[in-house]
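Asker: Build me a structure from this.
(chains A and B)
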Amino acid sequence: MPSSTRSSLLTRIDRDAVREGLPLLVPAVPFGFILGLEINNSLLPTEAGFSTSAVIFAGAAQLAVVTLAGTVSMVTVVVTAMVINARHIMYSAAVAPLMTKQPLWFRLLAPFVLIDQIFALAVTKRHYDAKKFRRYYLTLGAMFFLTWQCLTILGIVFGDVLPTSLGLGLAPALMFAGIVVTMITGRPAAIAAVTAVVVTLITLDLPNRTGLLVGALAGVLAGYLAEGRQPQ
Amino acid sequence: MSGIEAIVIVALVAVGTYLSRGAMILLLADRELPDNTLRALRQVGPAVLAALVVTFVADPSQANRGVSLAEGAALVVSCGVHWRWKSLLVTLIAGMSAFWLVRGLSG
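Answerer: The predicted model follows:
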C-alpha cells in the first residue's frame, strides 16, 4: 500500500474512538467464541451461521438464530430475533437528532453498526460537530465489525478453549453501568435509570427478554414525566 | 435444514435488524423534532442501558439467575470508578477485579 494512502487512512481513524472502544471489545471475545461454538452445533450450515456475523451483526439475535434454526418454525426464529432486537428502535430514535447534519450515505450506513456498545458511546457525543461525530462513529463501526468477524471465525475453529470460569460475560454489564452513571446529569435521567432497573427486575421472566423492553420504556416514561415537572 | 431455508432465515433477520436500527434515523433525521419528543429521547440512553445491565446480570435464561454478592460488588465498584475516572478500561479492570476478589472470598 502506498505510504500516502496509508497515512490518509490513519488520519481518518479517530483516536478517542479507539481508546474508548477497545475496553468494550474485550467482553466480545468470550461472546464471539460462544457464538462460534454454537454455529458448530447449529443445524444451520456453517457458512450460513458465519454469514450472520457479516449481515446481521447483532450478537444476541445471532445466537438466537443459530440455536433455534431447524428446531422451531422459520417464523418463530425470525420473530424471536426481532423481539431481541426491538431495543434498537429506541437506539435509532435516540441517535436520529445526531444525524441531522450527516450526509445520506452515512445515514444509510450508520444503522448497520448501531450495536449496544456503539450506541452507548455515540450517544454521549452530542457535542461533537458533524464531521468529528462521523469519524468517531465510523472508527467504532469498523473496529467492532472487523473484530466480530475475526472472533466468529476463531470461535468456529477454537470455540471450546476459553475458560468460562473467568466470568467475562459480566464485563459488558460493568461497563454499561459505568456509562449510565456518567449519563445521569440530573434528576430525570436518574429517575429513568432507576425505574428501568426496577421494572426490568420485576418483568425478568417475560419471554424472549421482553422485560428489557418493558423496563426501558417504563424508564423513558418516568424520566420524561420527571423532566416535565422540573421548574424551567 | 436446506440451504435455501437457511439463506431465507438469515436474510429476513438481517433486513429486520437493519430496519430496526435504521428506520427512525431515516424517518426523523431531517425533521425538527418537537420538544416533547426530544425530552423523551433524552431518557432513552440511561433507561435502555440500565435495563440492559439488569438483563445481562440477572439473565433469567442462566442457571445462576439473580444478582450474586460478587456481581453486586463489581457493579458498585464499576459505577464508582467510572464516575471518578471516566475510563472504560479502568472501569473494566476495577470491576472484574472486584468480582474475582469477592467471588474468591465468598467461596
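Asker: rest of the way, CA atoms for contacts and neighbours
Answerer: Fine.
Asker: Buried ones in the lengthiest helix in chain B, by neighbour count?
Answerer: If you go by DSSP state H, chain B has its longest helix at helix B:3-28. Neighbour counts over helix B:3-28 (16 or more other Cα atoms under 10 Å in any protein chain shown) mark B:6-7, B:9-14, B:16-26, B:28 as buried.
Asker: Considering only the residues you listed, which also neighbour chain A?
Answerer: Under the cut-off given by Cα under 8 Å from any Cα of the partner chain, chain A has B:6-7, B:9-14, B:16-18, B:20-26, B:28 from those close to it.
Asker: Please list all residues in contact with residue 96.
Answerer: Unless you meant another one, I'm taking chain A. B:Met24, B:Ile25, B:Leu26, B:Leu28, B:Ala29 (Cα atoms under 8 Å, 6 or more residues apart in numbering or on different chains).
Asker: if you could check chain B rather than the one you did, that'd help
Answerer: Going by Cα under 8 Å, 6+ apart, B:Met96 touches A:Leu168, A:Leu170, A:Ala171, B:Ala74.
Asker: now B:Thr55
Answerer: B:Thr55 touches A:Thr200, A:Leu201, A:Leu204, A:Arg209, A:Leu212, counting by Cα under 8 Å, 6+ apart.
Asker: Low-confidence ranges, chain B, go.
Answerer: For chain B, residues meeting the criterion pLDDT under 70 lie at B:60-65.
Asker: any idea how far A:Leu168 is from A:Val214?
Answerer: 27 Å (Cα to Cα, to the nearest Å).
Asker: Name the next helix or strand downstream of the longest helix of chain B, please.
Answerer: Going down the chain from helix B:3-28, the next helix or strand is helix B:35-42, by DSSP states H and E.
Asker: does that following helix come close to chain A?
Answerer: Yes. Judged by Cα under 8 Å from any Cα, helix B:35-42 comes into contact with chain A through B:Arg39, B:Ala40, B:Leu41, B:Arg42.
Asker: how many neighbours does the last one have?
Answerer: Right, B:Arg42. Other residues lying near B:Arg42 total 21 when counted by other Cα atoms under 10 Å in any protein chain shown.
Asker: quick one, what contacts it?
Answerer: Residues near B:Arg42 by Cα under 8 Å, 6+ apart: A:Ala94, A:Ala189.
Asker: And for the third one?
Answerer: Taking Cα under 8 Å, 6+ apart, we find B:Leu41 in contact with A:Ala93, A:Ala94, A:Val220.
Asker: got it, and the second one?
Answerer: Under the criterion of Cα under 8 Å, 6+ apart, the contact partners of B:Ala40 comprise A:Val220, A:Leu221, A:Gly223, A:Tyr224.
Asker: pLDDT value on the first one, please?
Answerer: Think A:Val220. Listed pLDDT for A:Val220 reads 94.
Asker: So for it, what's the nearest residue that isn't a sequence neighbour?
Answerer: Excluding the flanking residues, the one nearest A:Val220 by Cα to Cα, 6 or more residues apart in numbering or on different chains is B:Gln43, at 5.0 Å.
Asker: That neighbour is in contact with A:Leu225, isn't it?
Answerer: No. Assessed by Cα atoms under 8 Å, B:Gln43 is found out of contact with A:Leu225, at 10.2 Å.
Asker: okay, those two: which has more neighbours?
Answerer: Taking other Cα under 10 Å, B:Gln43 and A:Leu225 do not tie; B:Gln43 has more neighbours (28 against 16).
Asker: Check whether A:Leu151 really touches A:Val26, as I assumed.
Answerer: No. Counting by Cα under 8 Å, A:Leu151 stays clear of A:Val26, with 10.9 Å between them.
Asker: ok, the two, which is more surrounded?
Answerer: Taking other Cα under 10 Å, A:Leu151 and A:Val26 do not tie; A:Leu151 has more neighbours (24 against 16).
Asker: which intervals of chain A have sub-threshold pLDDT?
Answerer: Using pLDDT under 70, the flagged stretches of chain A are A:1-10, A:160, A:162-164, A:230-232.
Asker: Find out how far the lengthiest helix in chain A is from the centre of the chain, if you would.
Answerer: Determined from DSSP H, the single longest helix within chain A is helix A:130-158. Centre-to-centre, helix A:130-158 and its host chain are 11 Å apart (Cα atoms, centre = their mean, to the nearest Å).
Asker: near chain B at all, that helix?
Answerer: No. Judged by Cα under 8 Å from any Cα, helix A:130-158 and chain B are separated, with a smallest distance of 12.8 Å.
Asker: just checking, next helix/strand downstream of that helix?
Answerer: Next element after helix A:130-158 (DSSP H and E): helix A:171-183.
Asker: Okay, helices next: where are they in chain A?
Answerer: Using DSSP H, helices in chain A cover A:3-11, A:15-25, A:28-41, A:46-55, A:59-68, A:74-85, A:87-95, A:104-109, A:116-122, A:130-158, A:171-183, A:187-202, A:210-229.
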